[in-house]
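Peer 1: sequence first, then the predicted structure:
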Amino acid sequence: MTPDGDLPAPERGLLLTHFLTVRDVEVSRRFYADVFGGEVVMGENPAIVKVANTWIIMNPGGGPTPDKPGVTLEAPRSGERVSSFLNVRVADIAAFYTHAVANGADFLTEPVDRGSELRCYFRDPDGYLIEVGQSTGLLTGIHAATPEESS
C-alpha cells in the first residue's frame, strides 16, 4: 500500500478515475497492477490501483444506495456487446503487448496497423474490453479510414 498522497483526491479542480464493478476484487486488483505496472493504493473496499496518471477503482456489484436509487452495479454479463471501454495509449505497443501477454493478458488479436495507429484489444478478468493503441500516422496527419472506406 502507498501513502494517502497517492489516493485520487485532487487539491483543486478535478481528476478522472475509472470505476469497475468486478466479480473478484483480488483477481482484478492483481490483473491491473501486473498488466499495467500499476501501484496498489488500497487493497479493497474499494480496491484502487494507480496506473500512470490515473486510478482504477474496483468493487463488487450491489443494489441501489441512497445516492444512486434504482441503480444496480454488476460486472458485464457478456463480452459480445459493450457500451464503453478503457482506452490506453502507449509509446511502444510492441513492448506493452509483450509485457501484458507475459502477465496474463489474452488479446483478441496482435496489434493491427490502421494507418493512423497500431491498435489491439484484450479483456480483463471480468470481461471489460481494453483498447491499447500507439499513434503512428496520426502524428503526421493520417487518419483512420471510416467504416465505409474500409469495406
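Peer 2: All right, it came through fine. Numbering: from 1, shown residues only.

Peer 1: for the residue nearest the centre of the chain, give me phi and psi.
Peer 2: The chain has residue 86 as the residue nearest its centroid, 4.0 Å off, counting by C-alpha atoms, centre = their mean. When read as degrees, to the nearest 10, the backbone of residue 86 gives phi -80, psi 130.

Peer 1: which one is it nearest to, not counting chain neighbours?
Peer 2: Once flanking residues are discounted, residue 86 sits nearest to residue 130: 4.6 Å by C-beta to C-beta, 6 or more residues apart in numbering. (Glycine included, C-beta is placed from N, CA and C.)

Peer 1: could you do residue 120 as well?
Peer 2: Leaving aside its sequence neighbours, residue 120 sits nearest to residue 111 (C-beta to C-beta, 6+ apart; 4.5 Å).

Peer 1: residue 6 now?
Peer 2: residue 41 (4.9 Å).

Peer 1: check residue 103 too.
Peer 2: The shortest distance from residue 103 to any non-neighbouring residue, by C-beta to C-beta, 6+ apart, is to residue 34 (4.3 Å).

Peer 1: would you map the helices across this structure?
Peer 2: Listed in chain order, the helices of the chain (DSSP state H) span 25-36, 93-102, 147-150.
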